[in-house]
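**Student:** build the 3D model from these lines:
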Amino acid sequence: MTLMDAFACNFCRHIFVANLTEQSLRVEDSSQPTVWRWSGYGWQSAYPIQPEVRLILWLISGLLMVLPAAIVWLSFYTFPPLEDSPLAWFPFAWFCLTLASHGGMIAWLLLEQYQVPFYVAWRVRLQGWLRQR
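**Tutor:** Presented below is the predicted three-dimensional model:
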């Protein structure tokens, strides 16, 4: 980018602006205010997540994972299938599938929230691979 104080990243495809007086780096093409400051040892987020928000996020995540699986388990426990029926395994499999699918969704949301480096790198590589096709 010519005649601008901005630069682009080939890896994540974002546009950044560096403020040298404040020693900060800001993402320009995002709807969320993402700013990092240099601490002398590494980059620190200028807008860290508050501890109360973090606790609420984890509590809601746990509830969204456990509550649907508990409802399925409760129905399985209250109305057990006949042991000699051919689909006697189905309620337990449904419980496991519910727990695994909700756990996967919660894991995805937490990876998106905390922007874990291996997840971000995998997502960018996958997007690049899909563009090539």
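**Student:** roughly how far does residue 120 sit from residue 8?
**Tutor:** For residue 120, the distance to residue 8 equals 16 Å [C-beta to C-beta, to the nearest Å]. C-beta coordinates here come from the backbone N, C-alpha and C atoms, glycine included.
**Student:** also residue 18?
**Tutor:** Distance from residue 18 to residue 8, counting by C-beta to C-beta: 12 Å.
**Student:** kindly report the same for residue 122.
**Tutor:** 21 Å.
**Student:** ok, residue 111 touching residue 119?
**Tutor:** Yes - at 4.3 Å, residue 111 and residue 119 qualify as touching, with contact defined as C-beta atoms under 8 Å.
**Student:** shared neighbours, the two?
**Tutor:** Common contact partners of residue 111 and residue 119 (C-beta atoms under 8 Å, 6 or more residues apart in numbering): none.
**Student:** which stretches of the chain form strands?
**Tutor:** Counting by DSSP state E, the chain has strands at residues 6-8, 15-19, 24-27, 35-38, 43-45.
**Student:** show me how the protein divides into domains.
**Tutor:** Taking automatic domain parsing as the criterion, the chain consists of the domains 6-45, 51-132.
**Student:** among the ones you listed, show the one with the smallest mean pLDDT.
**Tutor:** Among those, domain 6-45 carries the lowest mean pLDDT, a mean of 84.
**Student:** show the end-to-end separation of that domain, please.
**Tutor:** End-to-end span of domain 6-45 (C-alpha to C-alpha, to the nearest Å): 19 Å.
**Student:** pull out the buried residues from it.
**Tutor:** Residues of domain 6-45 classed as buried by neighbour count (16 or more other C-beta atoms under 10 Å): 16, 24, 25, 26, 27, 34, 35, 36.
**Student:** repeat for stretch 112-126
**Tutor:** Judged by neighbour count (16+ other C-beta under 10 Å), stretch 112-126 contains no buried residues.
**Student:** who's in contact with it?
**Tutor:** 11, 12, 13, 57, 111.
**Student:** restricted to helices, list those residues.
**Tutor:** By the criterion of DSSP state H, membership of the contacts of stretch 112-126 in helices covers 57, 111.
**Student:** specify which member of the contacts of stretch 112-126 is nearest to residue 83.
**Tutor:** residue 111 (40.7 Å; C-beta to C-beta).
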